[in-house]
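> dropping the sequence and predicted coords here.
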Amino acid sequence: MRQVTIDPITRIEGHLRVEIKVEGGKIVQARCSGALFRGLEIILLGRFPLDAQRITPRICGVCPVAHATAAALALDTALGVEENIPQNGWLLRNLIYAANWLHNHVLHFYHLALPDYLDPKGTPLAGLLAAELGDRRFSPEENQTLLEHYALALEVRRKAHELVAIFGGKMPHEVGIVPGGVTQKPGLAEVTAFRFRLREIRDFLENIYVKDVLLLAARYPDYFALGRVGRLLSFGAFPEPSRTRVFPAGSLQDGAVQPLDCEGIAEEVARSWYAGGAGHPRAGQTEPDPYKAEAYSWIKAPRYKGKALEVGPAARVFLASHLGPGDFAKLAGELLSEARISLEQLSSAMGRHLARAIEALFLAQRMETWLAELEINGPVAVPFGIPSEATGQGLTDAPRGALGHWLRIERGVIAHYQVISPTTWNASPRDEQGQPGPIEEALEGTPVSGDGLLEAGRIVRSFDPCLACAVQ
Amino acid sequence: MSETRAQAVVWFQAAGCTGCSISLMNADYPNLKNLLLDELVPGKALILRFHATLMGLTGQPALEVLERVREEEAGAYLLVVEGAIPTGEDGRFGRVGDIPMAERVRELALRSAGVVALGTCAAYGGIPAGAPNPTSCVGVGEFFRREGIGIPVINVPGCPPHPRWFVETVAQLIFNPSAIGQLDEVGRLRSVYPGLIHENCPRRADFDVGRFAASFGEAGCLLKLGCKGPYTSSRCPTHRWNGGVNWCIEAGHPCLGCCEPEFPDFPAPLFRKVRAEDAAAFYRRNLCAR
């Protein structure tokens, strides 16, 4: 048996350590460990409630709009303004947020995940992308084209950030989303500037990104059978002015699609460096215990009805195909049949890439609808006061999966703040029952050649881990 | 044609959020591809030896790159630190390859030609050092003072910093290393952080006539919503963000003062007006910087 430690796992966000045991050509055990704790949930305590709106996005510089969205939803309920947000407020939040998703998925596919399948030798990027090669299946021409798309995608993701900034001020760490709506009225100039950039990005997604994902899937079909989990959870995302979420919330367990039960969420810390026990995040705590002997990660272990569920694009596409809008199911169905896989196979190392492509295409289309529905120069926010006592819950999906913020205000300041991020679910350690986290489970049983570094890297990156989110 | 000299860069991420790296990827002229492949100033190009978010290698082979650069390019490479340095509990709050981040930064810094502390976390502690600073995070400069490390540090604060501020600082450093002597009292290049946001604010006329926004989405100066523009040194109003499409105050959001050493604590919450007497210290500091 060989024990291999991968630390740091590069080409992800943040500091992740993965230990695998390889025996008989298979990964027989895997452990995921978050290696950085900053204590944002503690730093928020005692602050003026609105501060959470700008401090929580700084949990993560890749998906800050996800935290801005969850914080705004939590504060909307706490401040009692949820019912009065103008239509423009919902639409602009969606446009700012969806632009961050497009950025995220393009960055993840081309710059974080794809180098695992490319051979950079002899190209200008050879120095940066040099890796221990193995199992490279693209033809020289395909390899060359994909490396060119790597460079092109750098520009596309930059333009997606311009989209965020047009209504969100700047990016990373946009400032547009606030409780009660957004800060900036949509002028015709901004709407036009947005529309033409979006058109360029959409063109890239439809004509290059999706085709590259399908090409990868065609060369590596075996990865639809690797890195599987199969139990899925989503909080849903993108509430339209009707408040219906474009991506619906729900879960898939034991083959059954169920509506989301918020009371089914609990966080455990049996193998994490914290004191305390399991509990719902509205009452949860963050008390670091860096010397806890049986612990191996700074990531807590969130569970849904006692089980470790995968969150992210596979969950969303599966659930939206069952519960979401008809045009989503149609688009997803077309791409799934092109890749010759079923919805169930999305929860796999290759399926997650395809799921991201499906939802990026869908969002880019939907963004044009939202843009057209804006009332030019119309109201975007409602004023609010800060109550002395209140509670709030903000649930949304982030690009990487289900994200929740839970807060309590006492005497006009933050008395409690808990965050459970997508990678907290996916990269969680074992729990009290010894149940592995989803990435651990996805790795265990994987057949490998050699030390497993290659296969493990591909599987771990398919989840798009974000460690600054997983441990705040 | 004379030969291009390569300036090796090691980019080390500590207690941060990767937002500074992502912001640099938004650079336009030069863009990231230019920064990676072309001469930044005549005769000199950057060569990125280590960056955990972008590099091909992973795990132990990636760490070996750090060792190789320390051995083979001692005294010559530029170290960029992103994120604060967690110093609490023997470094257990932040480790890379099982070694505390503080230890890694010390080792890398001691053999570097100099350090760029990129972002407010690396420069001054920033968000993770916000009260009560649960992990005893400090900025690189403070860490070096405590440890007696004499390597020069240049701060490029901002949460995140605008890509131009990093590019201009590094271009200065490799074009004219003597610029290192021209730091202001909080360790920034004077040329990169030359004055207050308030002086170039497009809402300055509203301030002058006393027209203040009382809630989000309203016209007027944002001072009463907590704007820190009068005390914050940055070129946001002139550089603007993300290809120049917008920036915080133009989007109707008060300046958070994210470039200042006091961020995020300040003498007032982010959305509360700072009293003039509390603001005097950093107002003076930023005016004297010119």
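Sure, I can see it. Residues are numbered from 1 along each chain as shown, chains lettered A, B, ... in the order given.

> all helices of the stretch 1-150 of chain A, in order?
A:40-43, A:51-55, A:64-79, A:87-106, A:126-129, A:140-168 (DSSP state H, counting those that start in this stretch).

> kindly apply the preceding question to chain B instead.
B:19-25, B:32-37, B:59-72, B:101-110, B:119-124, B:140-147, B:163-175, B:204-209, B:236-239, B:276-288 (DSSP state H).

> can you name the residues that contact the residue of the stretch 51-200 of chain A found nearest chain B?
Here the residue of the stretch 51-200 of chain A nearest chain B is residue A:61; by Cβ to the nearest Cβ that distance is 2.2 Å. In this view, the C-beta of every residue, glycine as well, is placed from N, C-alpha and C. Residues in contact with residue A:61, defined by Cβ atoms under 8 Å, 6 or more residues apart in numbering or on different chains, are A:13, A:172-173, A:468, B:16-23, B:160.

> go again using 10 Å as the cut-off
Taking Cβ atoms under 10 Å, 6 or more residues apart in numbering or on different chains, we find residue A:61 in contact with A:13-14, A:171-173, A:466, A:468, B:16-23, B:82, B:119, B:159-160.

> what's the pLDDT at it?
Here the pLDDT value assigned to residue A:61 is 98.

> now do residue B:282
71.

> distance of it relative to residue A:292?
Applying Cβ to Cβ, to the nearest Å, the value for residue B:282 to residue A:292 is 41 Å.

> what does residue B:237 give?
In terms of Cβ to Cβ, residue B:237 sits 49 Å off from residue A:292.

> can you check residue B:184 too?
44 Å.

> also residue A:393?
Residue A:393 is 29 Å from residue A:292, by Cβ to Cβ.

> and for residue A:2?
28 Å.

> these two: which is more packed in?
residue A:292 (15 against 11; other Cβ atoms under 10 Å in any protein chain shown).

> what about whichever residue of the stretch 101-250 of chain B sits closest to chain A, how many neighbours?
The stretch 101-250 of chain B approaches chain A most closely through residue B:134 (3.2 Å), counting by Cβ to the nearest Cβ. Using other Cβ under 10 Å, residue B:134 has 22 neighbouring residues.

> same check, this time on the one 10 residues further on
Close neighbours of residue B:144, defined as other Cβ under 10 Å, add up to 22.

> residue A:195: which element?
Residue A:195 is located in helix A:188-204, with elements delineated by DSSP states H and E.

> any idea which residue sits dead centre in the chain?
Assuming you mean chain A. residue A:400 (1.3 Å; Cα atoms, centre = their mean).

> my bad, chain B
Central residue of chain B (Cα atoms, centre = their mean): residue B:119, 2.3 Å from the mean position.

> which residues touch that residue?
A:61, B:16-17, B:19-21, B:23-24, B:80-84, B:126-127, B:139, B:155-161, B:166, B:258-259.

> report the buried members of those residues.
Buried subset of the contacts of residue B:119 (neighbour count, 16 or more other Cβ atoms under 10 Å in any protein chain shown): A:61, B:16-17, B:19-21, B:23-24, B:80-84, B:126-127, B:139, B:155-161, B:166, B:258-259.

> check what pLDDT the closest residue to chain A within chain B gets.
Taking Cβ to the nearest Cβ, chain A has its nearest neighbour within chain B at residue B:19, 2.2 Å off. On pLDDT, residue B:19 comes in at 98.

> backbone dihedrals for the residue of the stretch 51-200 of chain A closest to chain B, please?
Main-chain dihedrals, residue A:61, degrees, to the nearest 10: phi -90, psi -10.

> which residue, other than its chain neighbours, is closest to it?
Excluding its sequence neighbours, the residue lying closest to residue A:61 (Cβ to Cβ, 6 or more residues apart in numbering or on different chains) is residue B:19, at 2.2 Å.

> and for residue B:254?
Nearest to residue B:254 is residue B:227, by Cβ to Cβ, 6+ apart, at 3.6 Å.

> now intersect the buried ones among the contacts of residue B:119 with the strands, please.
B:80, B:81, B:82, B:155, B:156 (DSSP state E).

> restrict these to contacts with chain A.
Applying Cβ under 10 Å from any Cβ of the partner chain, the subset of these adjacent to chain A comprises residue B:82.

> for the ones in strands among the buried ones among the contacts of residue B:119, which one is nearest residue A:111?
Comparing those against residue A:111 with Cβ to Cβ places residue B:82 closest, at 16.7 Å.

> measure that closest one to residue A:197 for me?
Separation of residue B:82 from residue A:197 (Cβ to Cβ): 28 Å.

> so for residue A:169, what's the pLDDT?
Residue-level pLDDT assigned to residue A:169 equals 98.

> wait, residue A:328
So residue A:328 comes in at 97 (pLDDT).

> next SSE downstream of whichever helix or strand it is part of?
Using DSSP H and E, residue A:328 falls within helix A:326-339. Using DSSP H and E, the next helix or strand after helix A:326-339 towards the C-terminus is helix A:351-373.

> what residues of that following helix count as buried?
For helix A:351-373, by 16+ other Cβ under 10 Å, it's A:351-364, A:366-367, A:370-371.

> follow-up on the earlier one: so who does the residue nearest to the centre of chain A touch?
With the criterion set at Cβ under 10 Å, 6+ apart, residue A:400 makes contact with A:13, A:60, A:62-63, A:66, A:104, A:108, A:311-313, A:356, A:421-423, A:425-426, A:463-466, A:469-470.

> around chain B, which positions in the stretch 301-450 of chain A sit nearby?
A:379, A:380, A:381, A:382, A:383, A:384, A:386, A:413.

> name only those of those residues that count as buried.
A:380, A:381, A:382, A:384, A:386, A:413.

> confidence score at residue B:2?
Model confidence at residue B:2, given as pLDDT, is 69.

> and for residue B:181?
pLDDT, residue B:181: 68.

> in which helix or strand would I find residue A:428?
Here residue A:428 is assigned to no helix or strand, by DSSP H and E.

> any weak-confidence spans in chain A?
Chain A contains no residues with pLDDT under 70.

> next one: residue B:14 from residue A:180, what distance?
36 Å.

> oops, could you answer that again for residue B:275 instead?
Residue B:275 sits 26 Å away from residue A:180, going by Cβ to Cβ.

> also residue A:412?
Residue A:412 is 17 Å from residue A:180, by Cβ to Cβ.

> which one's more surrounded, these two?
Between residue A:412 and residue A:180, counting by other Cβ under 10 Å, residue A:180 is the more crowded of the two (24 against 13).

> what's near enough to touch that one?
By Cβ under 10 Å, 6+ apart, the contact set of residue A:180 is A:72, A:75-76, A:79-82, A:84-86, A:89, A:380-384, B:215-217.

> equivalent analysis for residue A:378, please.
Neighbours of residue A:378 in contact, by Cβ under 10 Å, 6+ apart: A:86, A:87, A:88, A:89, A:91, A:185, A:186.

> again with residue A:147
Counting by Cβ under 10 Å, 6+ apart, residue A:147 touches A:110, A:114, A:115, A:118, A:119, A:120, A:123, A:124, A:125, A:126, A:129, A:138.

> I'd say residue A:435 and residue A:304 touch.
No. Between residue A:435 and residue A:304 there is no contact under Cβ atoms under 10 Å: 11.7 Å.

> between those two, which is the more surrounded one?
Using other Cβ under 10 Å, the more surrounded residue of residue A:435 and residue A:304 is residue A:304, with 20 against 17.

> please name the bridge partners of the more buried one.
residue A:265, residue A:307 (DSSP bridges).

> that one and chain B, how far apart?
Going from residue A:304 to chain B by Cβ to the nearest Cβ, to the nearest Å gives 26 Å.

> got a list of what that residue touches?
A:231-233, A:251, A:253, A:260-261, A:264-266, A:311, A:402, A:425.

> and what of residue A:186?
For residue A:186, the contact set (Cβ under 10 Å, 6+ apart) comprises A:88, A:91-92, A:95, A:166-167, A:194, A:371, A:374-378, A:380.

> and it, which of the three is it?
coil (DSSP: H, G, I helix; E, B strand; the rest coil).

> can you tell me how far it is from residue A:64?
21 Å.

> this completes my enquiry, with thanks.
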